[in-house]
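J.: Build me a model:
(2 chains)
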Amino acid sequence: MENKVHNNLVVAPSPHMLSPVGTTQIMRDVLIALAPALVVAVYVFGYRALTLTAVCIAGCVFFEFLYNKIAKKEQTIGDLSAVVTGVLIAYNLPSNLPYWMAIIGCFVAIIIVKQLFGGLGRNFANPAITARIVLFLSFTTQMTTWPLPRNQVTVDAVTGPTPLGILKEGGGELPSNLDLFLGFIGGSMGEISALALLIGGVYLVWRKVISPITPLCFIGTVAVFAALVGQDPVFHVLAGGVMLGAIFMATDYATTPISPMGKVIFGVGCGVITMLIRVYGSYSEGVSFSILLMNILTPLINNLCLKRKYGGGKKHE
Amino acid sequence: MSQRKHLHSIHVDHNKHTPNCATEVMPIPDFVRISMSQHIGAPCTPVVKKGDYVKVGQLLGDSDAFVSAPIYSGVSGTVTGIETDRSGNGGSEKVVVIETDKKQEISESIAVPSPKDHKEFVEQVRRSGAVGLGGAAFPTHVKFAPSNLDEVDTLIINGAECEPFITSDHRTMLEDTQDVIDGLVLTAKFLGVKKTYIGIENNKPDAIEKFRTMLSEQKIDNVEVVELRSRYPQGAERVMIYEVTGRVMDAGVLPAQLGVILSNVTTTAFLGQFFRTGMPLINKRITVDGSAVATPKNVLVPIGTKISDVIEFCGGYKEEPKKLIMGGPMMGRAIYSDQMSIVKNNNAILAFGEKEAFLPQETACINCGRCHFACPFELMPTEYYDAYKRRDAKKLEELKVNQCMECGSCSYVCPARRPLSFVNKLSKAYLKEVADSGK
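T.: Numbering: from 1, shown residues only, chains lettered A, B, ... in the order given. Reported below is the predicted structural model:
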C-alpha cells in the first residue's frame, strides 16, 4: 500500500465514534430483565403461561411486520421492540385467556396504539397497558377469571380471586406477604412474583436502561398511601401489578417524562391514582389505569420540568 | 473544586494509545504545501512568489485584517508555485508550495521579542502567528486584546484534552513544561490577571504532578493546577470555564465578558518558546493514531507537510484506510484525501480502517432522553431534529439550538444512531439563513 494516493475516503459529519449501546441492545436488556418473571409464571401456572407468551410475541411481531409491509415502511421487527410489547401484554393477562383474545390485544397494542401514532417512540400511551385495558373492558369475565397457583389447585377449584379481589370483595383468605413476594398467588401471569420483577428491575438500573426514580416514587407512594388509610403497605406494594407496572411500564421511554423531576411527578401520580382506585374505586386494581392517565399527562409534565442553565435559563452555581 | 454541580457529560472510551510515546521529530519532507487560511478570519495573501528562495521562519503570507494571523515557512527551499486548492470546508484557498533543500537555513528576520506593555505584547503575539492550537484556530492576539481588558481577572490554561486518541497536548505538558509555565506567566503578566488555573483531566496524573512540582519549586503561587474529571467534553471552552470558575458562558458571549481568558496549553507552550527564541509558529506536534496506522506516534512536523508523508513516517497504513480525520473522533473533520496538508490547529491525524469507518443506519427515536442527559447545556436534540425537518425556525429559536457547540455528545450516545449533532449544526445554519433573509 506504499505511495498510493488515497483520495476517495469516507466523509461524514462528526462524531466518528459511537456509543456501543443501540436500540436493539436496550430492548434485549429489557427482555433479559423480564425473563425471571416468566420462569416463575411457568412454574406457578404451568405451560399455558409459556404458550400464551409465545402467542403474544408472535402476534405483536406479525402485526408490526404486516403494518410495515402495508404502509411500505422500512421493516422494524429487528429492533425487538415488538417482542417486548408482546411479552408485556402476556404478563398482563390471566394465563388461561383464550389465544384469540390475546391476539386482539396484540392488534390493539401494535396497530392502534403504536403504529397509527407513528411507530416506535411516537406513541403517547403504553401499548401493553392500553391493550390490557381494552381486553379488560371487552372481555371482563375472561380477564378476571384467575387460575389458582399450583399449590392452591384442588379437585373442584382451578380458578379463584386475586389477593386484591379478596381484599375488596372477600371470598377467601388473604395470602401471606411471603407468598405475595415469591409469587404463589392468583393474578395476571407476569405480575405475581415481586422477587422476580425486582431482580429484573435491578438489572435494568445496573445496565442504565432505566432510572430508578419512577419505580421508587411509584412504589413509595403506594406504601405511604396505604399506611395513611390504615392498610398494610407491604401488601399493597406486593399485590397486583404495582411491581410490574412500576418497573417495566412506568419506565417506558416514549410515554413517560424525561427529566428527573418529571419522573418524580409521574411516579407519585401513578401511586396516588392506583391507591385511589384500589381504596375508593369499584375496581380492585388500578395500576393500568393510573399509568395510562399519567401517560396522557406526560407531554405536560415534560414541558413543566424543562430546565436549562445556558441560553437565558435559570442560573445557579 | 468545591460542591458545584457538574455539567452533564459523557464517558467516551479514551483510546489513548500514545501517552508514553515521546515526540519524534519528522525528517523534512521533499515538498510542503502551506495553506494561506489556517485560522478563523481573513485568509493571508502570499508575500512570496514562484522561484523565491525562503528560509526557516520567513514570512510567507499576511493580511491587513485584524482577525487574521501571519503564516511562516518551517523549511528552507524554493517556492515552486502559488496554487489554489479546494479547502476542507468546501471553498478554495491559496497554497504556497515549497520544494525543500533540507539545509534548514534560519531566516535573518528572527529576533527575540521583548515587549514592554500589553500593546507590544499583543503585537508580538500577532507576529508569532499564534492561533488557538486546541482546534479552534482563533487568532490568539485577538483573544488577548478584549475591549474590557481591565475586567479580566482570570486566565485558564486548557490542558483537558478530552478527545479520545489524542495525546499531543499531554506530551506538550510533559516535554515542554517549562515553556508552558513561561508562556502563562508572561500572558498573565501582560493581561494583568490575578489568578491563573491550569485545567487538566485526571487521566493525566503525571502532567498534573509535574506542573505542581515545578510551580512550587519556582515559587509561582498564583497559578493553581485544577484536576478535572475525565469526562467528555471537559475541554470545551464553555464547559471548562464553568467547571473551573462556575461562570456560565452562553453562546455568542466572549470569555472576556465573564472576566476570563482561556488559552490552550500548546498555544501557551508555543508562546513560551516564541518569547525565548523569536521563532514563529512553523511546526506542530500531532498524534498519529487509528486502526489503519502501523505505528501510532507523536510527531513534530513542519506545517504544510502532506498527511501521506506523516503516515509514511509512522510505518504507513497497515490496512486500507477508509476514513481520515483531522483532529479527534468526536469533533474532528473527516477529509477525503491524504494529500491534504497539516495546518496550525491540527493536533491529530487519525486513520480508520473498514470497521471504524462504518456509517450507521439511522432508526426511529425511542425518546430515551440520552441525548438530553449527554448535553452539557441540557438542550433537546430530538426536538431540534423534528423542528428542523419542518423548518420550524420559531421552535428552533425557542429551544435555543444556537447554544449548541456541536461537541457530538448527543450523536455519540443516541441508540437510534441519529446524526443529532449534525442536524443541530444544520439548524443553526438554517436560523442564520432565515435571519439574513430578514424574515
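
J.: how many neighbours does B:K428 have?
T.: 19 (other Cβ atoms under 10 Å in any protein chain shown). Quick note: C-beta positions are derived from backbone N, CA and C, even for glycine.

J.: Pretty sure it sits in a helix.
T.: Yes - with DSSP: H, G, I helix; E, B strand; the rest coil as the criterion, B:K428 is part of a helix.

J.: any idea how far it is from B:A251?
T.: For B:K428, the distance to B:A251 equals 9 Å [Cβ to Cβ, to the nearest Å].

J.: list residues touching both of the two?
T.: The contact sets of B:K428 and B:A251 overlap at B:N402, B:C404 (Cβ atoms under 8 Å, 6 or more residues apart in numbering or on different chains).

J.: Now do the helices in the stretch 201-350 of chain B.
T.: For the stretch 201-350 of chain B, the helices defined by DSSP state H, counting those that start in this stretch cover B:205-217, B:237-245, B:265-277, B:307-313.

J.: Tabulate the ones you listed (TSV), appending mean pLDDT and mean neighbour count.
T.: TSV is the format used below for the helices of the stretch 201-350 of chain B (pLDDT from 0 to 100; neighbours: other Cβ atoms under 10 Å in any protein chain shown):
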stretch	mean pLDDT	mean neighbour count
helix B:205-217	95	15
helix B:237-245	93	24
helix B:265-277	96	24
helix B:307-313	95	21
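
J.: tell me the centre residue of the chain?
T.: Since no chain was named, I'll use chain A. Central residue of chain A (Cα atoms, centre = their mean): A:M249, 2.8 Å from the mean position.

J.: other chain: chain B
T.: Central residue of chain B (Cα atoms, centre = their mean): B:G135, at 1.4 Å.

J.: tell me which element that residue is part of?
T.: Taking DSSP states H and E as the definition, B:G135 sits outside all helices and strands.

J.: Just want to check the distance between it and chain A.
T.: Relative to chain A, B:G135 is positioned 11 Å away (Cβ to the nearest Cβ, to the nearest Å).

J.: Quick one: name the residues of the stretch 101-250 of chain A near chain B.
T.: Residues of the stretch 101-250 of chain A found near chain B (Cβ under 8 Å from any Cβ of the partner chain) are A:G119, A:L120, A:G121, A:R122.

J.: Could I get the full set of strands for the stretch 101-250 of chain B?
T.: B:154-159, B:195-201, B:223-228 (DSSP state E, counting those that start in this stretch).

J.: Nearest to chain A among those strands would be which one?
T.: Closest of the strands of the stretch 101-250 of chain B to chain A is strand B:154-159, at 15.3 Å (criterion: Cβ to the nearest Cβ).

J.: Number of residues surrounding the residue of the stretch 151-300 of chain A found nearest chain B?
T.: Per Cβ to the nearest Cβ, A:I258 is where the stretch 151-300 of chain A lies closest to chain B, at 3.8 Å. Neighbours of A:I258 under the rule other Cβ under 10 Å: 23.

J.: My read is that the residue nearest to the centre of chain B contacts B:M330, right?
T.: No - applying Cβ atoms under 8 Å as the test, B:G135 and B:M330 come out as separate, 10.5 Å apart.

J.: quick one: which helix or strand includes residue 68?
T.: Assuming you mean chain A. Per DSSP H and E: helix A:47-70 holds A:N68.

J.: try again with chain B
T.: Using DSSP H and E, B:S68 maps to neither a helix nor a strand.

J.: closest one to B:I156 among the helices of the stretch 201-350 of chain B?
T.: With Cβ to Cβ as the criterion, B:I156 lies closest to helix B:237-245 of the helices of the stretch 201-350 of chain B, at 5.5 Å.

J.: Contacts for the closest one, please.
T.: A:310, B:1, B:4, B:6-7, B:9, B:136, B:154, B:156, B:158, B:160, B:197, B:199, B:226, B:228, B:233-234, B:247-251, B:255, B:258, B:260, B:262, B:376-377, B:405.

J.: which ones are touching the residue lying closest to A:L198 once chain neighbours are set aside?
T.: In this structure, A:L198 finds its nearest non-sequential neighbour in A:M243, 6.8 Å apart by Cβ to Cβ, 6 or more residues apart in numbering or on different chains. Residues in contact with A:M243 (Cβ under 8 Å, 6+ apart) are A:E191, A:A194, A:L197, A:L198, A:G201, A:I219, A:V237.

J.: from these, which is closest to B:I366?
T.: Among these, and counting by Cβ to Cβ, the member closest to B:I366 is A:G201, at 19.2 Å.

J.: I'd guess that closest one is in a strand, am I close?
T.: No - secondary structure assignment places A:G201 outside any strand; it is helix (three-state DSSP).

J.: what number of residues lie near it?
T.: Close neighbours of A:G201, defined as other Cβ under 10 Å, add up to 23.

J.: Can you show me the strands along chain A?
T.: A:146-147, A:159-160 (DSSP state E).

J.: of all these, which lies closest to B:L174?
T.: B:L174 lies closest, by Cβ to Cβ, to one member of the strands of chain A: strand A:146-147, at 70.0 Å.

J.: Parallel or antiparallel, which strands does that closest one pair with?
T.: Within its sheet, strand A:146-147 is paired with strand A:159-160 (antiparallel), according to DSSP bridges.

J.: Just the mean pLDDT for the strand it pairs with, thanks.
T.: Averaging pLDDT along strand A:159-160 gives 80.

J.: so B:H17 makes contact with B:P296?
T.: Yes - using Cβ under 8 Å, B:H17 makes contact with B:P296 at a distance of 5.1 Å.

J.: what touches both of the two?
T.: B:D289.

J.: Those two: which is more packed in?
T.: Ranked by neighbour count (other Cβ under 10 Å), B:H17 and B:P296 place B:P296 first, with 19 against 16.

J.: can you pull the contacts of the residue lying closest to the more buried one once chain neighbours are set aside?
T.: Spatial nearest neighbour of B:P296, excluding adjacent residues (Cβ to Cβ, 6+ apart): B:D289 at 4.1 Å. By Cβ under 8 Å, 6+ apart, the residues touching B:D289 are B:N15, B:H17, B:T18, B:F165, B:I166, B:P296, B:A348, B:I349, B:L350.

J.: can you check A:T159 too?
T.: For A:T159, the contact set (Cβ under 8 Å, 6+ apart) comprises A:N96, A:T145, A:W146, A:P147, A:L148, A:G186.

J.: Starting from A:G160, give me the distance back to the second one.
T.: Same thing as A:T145. 9 Å.

J.: Comparing these two, which residue is more hemmed in?
T.: The neighbour comparison of A:T145 against A:G160 (other Cβ under 10 Å) goes to A:G160, with 19 against 16.

J.: Wait, B:Y232 touches B:C162, no?
T.: Yes - using Cβ under 8 Å, B:Y232 is in contact with B:C162, at 4.9 Å.

J.: quick one: contacts for residue 286?
T.: If you meant another chain, say so; for now it's chain A. Each residue near A:G286 by Cβ under 8 Å, 6+ apart is listed here: A:I273, A:T274, A:M275, A:L276, A:I277, A:R278.

J.: Oops, wrong one, chain B.
T.: Going by Cβ under 8 Å, 6+ apart, B:I286 touches B:S168, B:N298, B:V299, B:V301, B:V310, B:I342, B:N346, B:N347, B:A348, B:I349.
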